[in-house]
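Undergrad: the following block contains a protein sequence and its predicted model.
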Amino acid sequence: MTQGKQSIWQRSTTVRLVRWLFSKRVLKFVSKVLVIGILMVAAYYAKEDLLGYWAWKSYLSHGGIAPDQLDLRSYIPKSVPDEENFATTPVVKKWFATKWENQPWKSDHFSKAPSLLVQEIKDVEKKKSLRHLDLAGWHHGLVKESSIETQPQSRQQHAAAILTALQDDEEMIQSVRAASVRAKSIYPINYNLDDPWQILLPHLSNIEQLGIRLNLRACAELAVHDSNKAFNDVLLTLYLADSLTNDSFIISYLIRARCVHAAVQPIWEGLAEHRWSDRQLQEFETRLLRFNFVSELERPLKMERAVGVLTIDLTRRRGVTYLARTAFNEPTEFDGFIGKAMDRALPAGWFAREKVSYCRLWNTLFADAFDPATGTISPIEAGANQEAFNRDVHYGKRGLIGIVLHHQIVARMFLPALPKCIFRAAIAQTAADQAALACALERFHLANKRFPPDLQSLVPRWITTIPHGVIEGSDYIYRAIDSDHFVLYSVGWDEKDDGGTPGELQFSREGDWVWTNAD
């Protein structure tokens, strides 16, 4: 008996493999594997969601954080009546008009000045020392060379030419001055809670541009012996700084500090030349002693924390593309397949743990670095915090996958720049304190034709109380050199008393922070 021959089809290895793959035994096994896999994935996501939920809940309950501290809405200032609000005046409303776009500051003489001159009065962190502005340089920077006399000119002549060139800003400045009679200021900011990174703050650039122009104007007015106009311009600069008090944005805080530095320059020049009257000095002193940059730093930093938390929540709803565009303001690789894959792969609990990581790293950076209650700063703690932060995020040692798994994306994107604000708070408060003390010393000098032997001699007639330094609450140190000169200084960021020896810059991180009443 012979067997029938098998066909080519029946002898095919491929056919037999397909039959085996779809056999009941294999299908049953594959089904079990799929069910187990689905259950494992579901268990993983459930576990991650549960861990994230409990991690965030535990952090909130044990971190001593009130719920409103992480709610951006709690940082929106309350409205004030329009008739009391500086920001509702027509000149300020123009700043928020869509088509206005800071036009006056783009076409005046000041806007054509060389950038090096502008940086001289704008960037206090690069300023070498308190000294008179180079009015000759500004004259040449604002006026075309062909119209400048070739023969040598006095400082007063240079100042007069500068004031003539700055006349194109006169209408704007006088409008702002007229509006400054209003005691309160709440700017009409659209607090976009659907995308906080799209909140527009057009008033800040206008205030900054006004501040640096008023700085130059006041110094030129002092040089032409018009101290009353210089006094009014300095007061307007300080008013603009105060108008930002209710803004909780960190950038508003920094612009406010810049306004104070802009006011200090002409105050110093007037003191060096003994141009201010007792009444003017007393007004400066009163205004300057109101500033408390260290205590005021806490609120904008907490707002930054709230914005970070909201950003993570928005990323969960909108995808990582939203986060990438927030950080880079342009399309990235996350706009394509990678972003979509991450959106599908990341469990909800990952975002909760990202918020925990962000807040904990925020605490790492700022814990004990400054004390809002006493208005003091500890550079040692600030430096230790920075080192701890760098260790926690392992700069240079983690790739993208490691950053994602350790929940540090948002923290690494938005936190590293914030610690600089502590240093800027310290130098802004020091500048305000030293200027106030210098005004009190000059008032004493006007009455007695000499400077006092110590600062306590100023209390209470010339100043109500002596402010303490911001660096660990150290005292300001004063020495009368002769009847017309003195040195006033604070220990600097290195927390060492160098006997009044400054660093390379006015506010270096090494050396003392020094105020003298002459170049």
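TA: Sure, I can see it. Residues are numbered from 1 along each chain as shown.
Undergrad: okay, helices next: where are they in the stretch 51-200 of the chain?
TA: Using DSSP state H, counting those that start in this stretch, the helices of the stretch 51-200 of the chain run over 90-95, 104-107, 115-122, 135-142, 155-165, 170-179.
Undergrad: buried residues of the third one, list them for me.
TA: Neighbour counts over helix 115-122 (16 or more other CB atoms under 10 Å) mark 117-118, 120-122 as buried. No exception for glycine: its C-beta is placed from N, CA and C like everyone else's.
Undergrad: same deal with the shortest one?
TA: Judged by neighbour count (16+ other CB under 10 Å), helix 104-107 contains these buried residues: 104-105.
Undergrad: what's in contact with that helix?
TA: Here helix 104-107 makes contact (CB atoms under 8 Å, 6 or more residues apart in numbering) with 111, 168-169, 172, 205-206, 209.
Undergrad: and stretch 370-381, how far apart are its ends?
TA: 8 Å (CA to CA, to the nearest Å).
Undergrad: which parts of it are buried?
TA: Within stretch 370-381, the residues scored as buried using 16+ other CB under 10 Å are 370-371, 375-379, 381.
Undergrad: swap in stretch 311-327?
TA: Within stretch 311-327, judged by 16+ other CB under 10 Å, the buried ones are 311-312, 314-316, 319-327.
Undergrad: most neighbours, which of the contacts of helix 104-107?
TA: Neighbour counts for these, by other CB atoms under 10 Å, peak at residue 206, which reaches 23 neighbours.
Undergrad: mind listing the strands for the stretch 251-400 of the chain?
TA: Ranges of strands within the stretch 251-400 of the chain are 370-371, 376-377, based on DSSP state E, counting those that start in this stretch.
Undergrad: how about the ones you listed in JSON lines, adding distance to residue 88 and mean pLDDT?
TA: Shown next, in JSON lines, are the strands of the stretch 251-400 of the chain (distance: least, CB to CB, whole Å; pLDDT from 0 to 100):
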{"stretch": "strand 370-371", "distance to residue 88": "34", "mean pLDDT": "97"}
{"stretch": "strand 376-377", "distance to residue 88": "36", "mean pLDDT": "97"}
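Undergrad: what is the neighbour count of the closest residue to residue 490 other than its chain neighbours?
TA: Excluding the flanking residues, the one nearest residue 490 by CB to CB, 6 or more residues apart in numbering is residue 469, at 4.2 Å. The number of residues packed near residue 469 is 23, by other CB under 10 Å.
Undergrad: same check, this time on the one 10 residues further on
TA: A count of neighbours around residue 479, defined by other CB under 10 Å, yields 14.
Undergrad: can I get the strands of the stretch 251-400 of the chain in JSON lines with distance to residue 215?
TA: Converted to JSON lines, the strands of the stretch 251-400 of the chain look like this (distance: least, CB to CB, whole Å):
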{"stretch": "strand 370-371", "distance to residue 215": "28"}
{"stretch": "strand 376-377", "distance to residue 215": "26"}
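Undergrad: quick one: closest of these to residue 268.
TA: strand 376-377 (23.2 Å; CB to CB).
Undergrad: contacts for the closest one next, please.
TA: Contacts for strand 376-377 (CB under 8 Å, 6+ apart): 294, 369-371, 422, 425-426, 468, 470-473.
Undergrad: could you rerun that using 7 Å?
TA: For strand 376-377, contacts defined as CB atoms under 7 Å, 6 or more residues apart in numbering pick out 294, 369-370, 422, 425-426, 470-473.
Undergrad: now the host helix or strand of residue 235 and helix 155-165, what's the angle there?
TA: With elements taken from DSSP states H and E, the one containing residue 235 is helix 227-242. Interaxial angle of helix 227-242 relative to helix 155-165 (axes from the mean of the first three to the mean of the last three CA atoms, to 10 degrees): 60 degrees.
Undergrad: and the angle for helix 227-242 with helix 170-179?
TA: 70 degrees.
Undergrad: could you chop the protein up by domain?
TA: By the assignment in automatic domain parsing, the chain contains the domains 10-34+46-62, 67-71+299-421, 78-276.
Undergrad: kindly reformat those as TSV containing distance to residue 490.
TA: Formatted as TSV, these follow (distance: least, CB to CB, whole Å):
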stretch	distance to residue 490
domain 10-34+46-62	38
domain 67-71+299-421	11
domain 78-276	14
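Undergrad: out of the ones you listed, the one nearest residue 509 is which?
TA: So among those, domain 67-71+299-421 is nearest, using CB to CB, at 8.3 Å.
Undergrad: quick one: low-confidence parts of the stretch 301-450 of the chain?
TA: Filtered on pLDDT under 70, the stretch 301-450 of the chain yields the residue ranges 329-339, 395-401.
Undergrad: how about the stretch 151-300 of the chain?
TA: For the stretch 151-300 of the chain (pLDDT under 70), the answer is 151-152.
Undergrad: circling back to that earlier point, of all the strands of the stretch 251-400 of the chain, which lies closest to residue 516?
TA: Once these are compared by CB to CB, strand 376-377 is nearest, at 23.5 Å.
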